[in-house]
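S.K.: Sharing a model that was predicted from the sequence below.
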Amino acid sequence: MEYERIYFLCSDVEALKKKAEVFKCRKEYGKAAFTLRRIPPYSLSQGEKDTLAYQVLLYYYLEDNFSEAEKYIKTLDLNVSENPSSQLLLIEILLLNELKEYTSAYEKLIAYEEKTGNFSAESKKCLDSLYSHIPKLKSETKAKNLSLFPGLGQIYAGYYTEGIFAFGLNAAILSFGVYELWHKDFVTAWIGGAGILSATYLGQQKQAVYLAQKRNYKRLSEFNKKIKTVILSEFE
């Protein structure tokens, strides 16, 4: 509150910087980023703008708020975005990987290497190999369409146990409905068969889409982790 009072009375941007530092210490990274973004850019030098951009993006990265980071990158000062510092390039690379913008991330990586020369020959070879083998993602639409036959969508997503279970459950309920219908117990056939089957059938379609999303998230997380490990290993 004291820093806010100082900024209100004096428009001292240092007060906002210190307030952001307090939020950082409390691990409230979103509030820290918001506080720094209140600093008027016209009051900063070129180097200070670059440092500010780095800090804001770092806080968004620590908070896993990648969508907000993407929006912020698009608002960066043209001079900063065209000639960023090495530290700003580094955080942009990590963020772009999380946003699945691998082409842009690789371009930033090349620019970072040209600017710093930090990577060893082995690390460069490893990173080149990773970026040339971006993981293929499962199609959510295909998973849903395949699950028109219960279980196929789950198997396509790579979850075989769930696929077998989905097929078995729907087959059992369908068999129960047909059995009751055969014995002319129409009420039980409608409620216990068709009613439950409609729920389980639609449910397994939704599950197939969810499992495709889950598989994609897992693949991308593992891929991004490998890249991050190689990049940050150069600073150990």
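M.R.: Cool, got the structure.
S.K.: CA only for contacts and neighbour counts going forward, please
M.R.: Fine.
S.K.: Off-centre distance for the longest helix along the chain?
M.R.: Secondary structure of the chain per DSSP state H: the longest helix is helix 196-233. Centroid separation for helix 196-233 versus its chain: 11 Å, with Cα atoms, centre = their mean, to the nearest Å.
S.K.: Which other helices and strands does it contact?
M.R.: Packing partners of helix 196-233 (3 or more Cα pairs under 8 Å, 6 or more residues apart in numbering; DSSP states H and E): helix 86-98, helix 121-131, helix 140-146, helix 152-156, helix 160-182.
S.K.: Would you format those as a markdown table with mean pLDDT and distance to Tyr54 included?
M.R.: Output for the helices and strands packed on helix 196-233, formatted as a markdown table (pLDDT from 0 to 100; distance: least, Cα to Cα, whole Å):
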| stretch | mean pLDDT | distance to Tyr54 |
| --- | --- | --- |
| helix 86-98 | 89 | 5 |
| helix 121-131 | 90 | 23 |
| helix 140-146 | 94 | 35 |
| helix 152-156 | 93 | 41 |
| helix 160-182 | 73 | 44 |
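S.K.: Which one of those helices lies nearest to Arg219?
M.R.: helix 86-98 (11.8 Å; Cα to Cα).
S.K.: okay, the angle between the closest one and helix 196-233?
M.R.: Angle, helix 86-98 to helix 196-233, by axes from the mean of the first three to the mean of the last three Cα atoms, to 10 degrees: 160 degrees.
S.K.: Other residues contacting helix 86-98?
M.R.: The contact list for helix 86-98 (Cα atoms under 8 Å, 6 or more residues apart in numbering) reads 50-51, 53-54, 57-58, 61, 66, 69-70, 102, 104-106, 108-109, 111-112, 115-116, 224, 228.
S.K.: let's go with 6 Å and repeat that
M.R.: Contacts to helix 86-98, defined as Cα atoms under 6 Å, 6 or more residues apart in numbering, come from residues 54, 105, 112.
S.K.: Can you report how many residues neighbour the last one?
M.R.: Looking back up the chat, that one is Tyr112. 21 (other Cα atoms under 10 Å).
S.K.: before we move on, what about Thr51?
M.R.: So Thr51, with other Cα under 10 Å, has 17 neighbours.
S.K.: Quick one: the contacts of helix 86-98 as TSV, columns for pLDDT, distance to Val22 and secondary structure too.
M.R.: Converted to TSV, the contacts of helix 86-98 look like this (pLDDT from 0 to 100; distance: Cα to Cα, whole Å; DSSP: H, G, I helix; E, B strand; the rest coil):
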residue	pLDDT	distance to Val22	secondary structure
Tyr54	91	17	helix
Ala105	91	31	helix
Tyr112	87	30	helix
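S.K.: Closest one of those residues to Thr200?
M.R.: So of these, ranked by how close each gets to Thr200 (Cα to Cα), first place is Ala105, at 42.0 Å.
S.K.: And for that closest one, nearest residue in space, chain neighbours not counted?
M.R.: Ile93 (4.8 Å; Cα to Cα, 6 or more residues apart in numbering).
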